[in-house]
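Q: Please work out how this folds:
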Amino acid sequence: MIRLGAHSSLSGRAINVDMVKDVLKDLIHDEERPLSIESIQKTVCEYFGIKTQDIKTKKRTRDIAFPRQIAMYLSKILTESSLSEIGKNFGGKDHSTVIHACKQVEERKKKDEDFSGKIDYLIKKIKSYS
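A: Alright, predicted model coming up:
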């Protein structure tokens with residue numbers, strides 16, 4: 001409280017939530033729950049309007065394979081899971097399938113700014129659930 005009062009009087013700013021977070025950032029720790037592959041799958045499936053079990057099947061139709069690749073990519077960048085673990089969560093896929101999916105998504109992100117924005121949106125949405 002003393003720190004907040006001193007900072008407020010020295011800076012001439014009113015005490016508000018943003019100021020409290022800034023001044024007390026060394027004392028406040030936002031405990032983030034680790035993201036799970038399941039939560040990523042659920043969010044991606046909701047976004048693309050498919051069932052979660054579809055993303056884990058062997059179906060290779062574009063309307064299933066494309067969201068699966070995105071979910072694999074997001075699982076790789078947002079979790080600490082190994083490529084093998086990620087593959088297992090997608091119906092027993094091999095780690096090389098996960099590598100291929102990640103490369104596909106990264107290449108498309110470089111070429112398509114709109115697609116890159118969709119990926120960023122999904123990342124924000126997934127992190128907001130954590």
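Q: neighbours of the nearest residue to residue 110 once chain neighbours are set aside, just the number please.
A: Closest residue to residue 110 apart from its sequence neighbours, by CB to CB, 6 or more residues apart in numbering: residue 116 at 8.0 Å. All C-beta spots, glycine's among them, are computed from the backbone N, C-alpha and C. For residue 116, the count of nearby residues is 15 (other CB atoms under 10 Å).
Q: same deal with residue 91?
A: Count around residue 91 with other CB under 10 Å applied: 15.
Q: circling back to that earlier point, do you know how far the residue nearest to residue 110 is from residue 70?
A: Using CB to CB, to the nearest Å, residue 116 is found at 12 Å from residue 70.
Q: What's the first helix or strand after the helix or strand of the chain with the lowest mean pLDDT?
A: Least confident element among the helices and strands of the chain, by mean pLDDT, DSSP states H and E: helix 17-23 (a mean of 81). Later in the chain than helix 17-23, the nearest helix or strand by DSSP states H and E is helix 37-48.
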